[in-house]
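Novice: quick one: sequence and predicted model below, then my questions.
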Amino acid sequence: MATTFVERIRAAKNWTSAGIIQLIGEVQSMELPDAIKESIQEAVETCQTNEASHIKLSSCGQKIAHVPAYLTTADWQALESAVSKDDQMSVMAKRLRAMGLTSLKENTVHQVLATLLYVNHSRGQPQMQPRAIHSMVDDFQAIFHGTAKIEAVPKLATYSEDPLQNGEAWLSQAYTNGCSPANKKLPLHAWYRKVPMRKNHHLLVGYHAGSQAAVPPDPMLATAEPDMCTEKPCNSKPKTLQEFEDQHFEELRKRKLEAKEKAVPKAKAKAKAKAKAKANPKAKPNPKAKAKAKATPKAKANQAKPVAKNQDHLPPHKRDPPIFGCPKCRGNPSGCGQCLSPTYTGLRLPGREAYRAHMARKAMAGRPPVSPYLAILADQIRWLNHGPCIGAKVSRKLFALHAMLALSLSLSLSSPCRDTQTHTHVYIYIYIYIEMVYTMVYVAYIIRFYFSNYFRFSFNN
């Protein structure tokens, strides 16, 4: 019979992972010889590991009908005496591993957190905030996967509501050291609603009953630690609509009284000013002032009136058009960031012609340009002292010096300005002096160059 059963297992074509797990659990719970159990398990393992097999196994989510029923008396005592939530979650994770649980479903985590909320409420602890409860979802999953597996315990696809229905063989392996499940039933349906498993839960998005708009959660609660995000139980009853109306009416009455108290000093000051005006009649105007006012001549019709700087009081069609353009934008009629600024009080140049005239006046008003001869001479002397030899560079610089001086003299002589002609005579004297100095330096460098080469050649020989 056992051989026929094994052959049927190997020939079956509609096996599922959940069915195989259930079959293994039933076989282990039956009172069969060990040889028959091993042959059945080998047949199942052969179907699973054979690559050419028609059966493809996948991990099946294990379902627990009621998690609190599988806790032992020692587990309940550990939950009630635990100091932190991590200790409580560690107790629950160890019990689930001892039951042979390898995969966590959302419903299982939901039951675990609801059980912890029930235990903390029975201990008299304040209820935690929804965000703190939601953070426990990831914490419990991390603790569960960090707990060591127990391979000796058979894995079940479905854990019934009563642990005793799983079989004596499973109970003996899942509960060691004489322990047994307390089989305690808890009313967890009310606590399920207080556990936000997902981020879009209504407790995490400011859910309010009725037609009120959703209010975003408090950012302080989001950044606080989960252990600190607790609220004290509130014993006061919620306010009724009549109480809210009375409260707002009282606030409105207080505001009106404050406004009246502020208005009393102003009314008293106005009354005093009126009484003083009645007691002291207005003084008659001085006749001399009237005569002066009449004596002021009126402006003629053809006389141009000065334009006021501030034209804000004038209508737009009577205001003068704004003038754009400055030295920065070279008289651009469209303006730039500088002259478009209302705080700019500098020079206005309306157009390119105005800019060119301004630059011409600026060039004429300045000092005459400094002659570049001294700078060129200094550069030439520096080159003569440190240069390797004389050659084309000296000739080019000497030619450039003469050309610039001739150009400057020709421009100065052709200028109609008397001051420029006066400066020209000074330039001529400076030119003669520079030529003398330059010639002396040139001759001295030639002598130095040839003497140094002669002595170097004689010493080498």
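Specialist: Great, that's in hand.
Novice: averaged pLDDT, the host helix or strand of residue 439. What do you get?
Specialist: Taking DSSP states H and E as the criterion, residue 439 maps to helix 418-460. For helix 418-460, the mean pLDDT works out to 65.
Novice: excluding its backbone neighbours, what's nearest residue 105?
Specialist: residue 61 (4.8 Å; C-beta to C-beta, 6 or more residues apart in numbering). From N, CA and C alone the C-beta is placed, and that goes for glycine too.
Novice: can you find the helix or strand in this structure with the smallest mean pLDDT?
Specialist: helix 219-223 (a mean of 46; mean pLDDT, DSSP states H and E).
Novice: pLDDT on the helix or strand residue 120 falls within, on average?
Specialist: If you go by DSSP H and E, residue 120 is part of helix 106-122. Averaged over helix 106-122, pLDDT sits at 93.
Novice: who's in contact with that helix?
Specialist: Residues outside helix 106-122 that contact it (C-beta atoms under 8 Å, 6 or more residues apart in numbering) are 62-64, 66-68, 79-80, 85, 88-89, 92, 96, 101, 127-128, 133, 136-137, 140-141, 186, 188, 191-192, 194-195, 197.
Novice: restricting to C-alpha, output it in PDB.
Specialist: Output of helix 106-122 as PDB, limited to C-alpha atoms (Å, rounded to 0.1, in the frame of the first residue of the first chain):
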ATOM      1  CA  GLU A 106       0.300  41.000   6.400                       C
ATOM      2  CA  ASN A 107      -2.500  39.500   8.400                       C
ATOM      3  CA  THR A 108       0.000  37.800  10.700                       C
ATOM      4  CA  VAL A 109       1.800  41.100  11.500                       C
ATOM      5  CA  HIS A 110      -1.600  42.800  11.900                       C
ATOM      6  CA  GLN A 111      -2.500  40.200  14.600                       C
ATOM      7  CA  VAL A 112       0.800  40.500  16.400                       C
ATOM      8  CA  LEU A 113       0.600  44.400  16.700                       C
ATOM      9  CA  ALA A 114      -3.000  44.200  17.700                       C
ATOM     10  CA  THR A 115      -2.100  41.800  20.500                       C
ATOM     11  CA  LEU A 116       0.700  44.100  21.700                       C
ATOM     12  CA  LEU A 117      -1.700  47.000  21.800                       C
ATOM     13  CA  TYR A 118      -4.100  44.900  23.800                       C
ATOM     14  CA  VAL A 119      -1.400  43.900  26.300                       C
ATOM     15  CA  ASN A 120      -0.200  47.500  26.700                       C
ATOM     16  CA  HIS A 121      -3.700  48.700  27.200                       C
ATOM     17  CA  SER A 122      -4.300  46.100  29.900                       C
END
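Novice: quick check: next helix or strand after it?
Specialist: helix 130-146.
Novice: for that next one, buried residues please.
Specialist: Going by neighbour count (16 or more other C-beta atoms under 10 Å), the buried part of helix 130-146 is 130, 131, 132, 133, 134, 135, 136, 137, 140, 143, 144.
Novice: hmm, the last one is touching residue 103, no?
Specialist: No. Contact criterion C-beta atoms under 8 Å: residue 144 and residue 103 do not qualify, at 10.0 Å.
Novice: buried stuff in stretch 337-351?
Specialist: 339, 344, 348, 349, 350.
Novice: now stretch 322-335
Specialist: Applying 16+ other C-beta under 10 Å to stretch 322-335 flags 324, 325, 326, 327, 328, 329, 330, 331, 332, 335 as buried.
Novice: same deal with stretch 117-133?
Specialist: For stretch 117-133, by 16+ other C-beta under 10 Å, it's 117, 118, 119, 120, 127, 128, 129, 130, 131, 132, 133.
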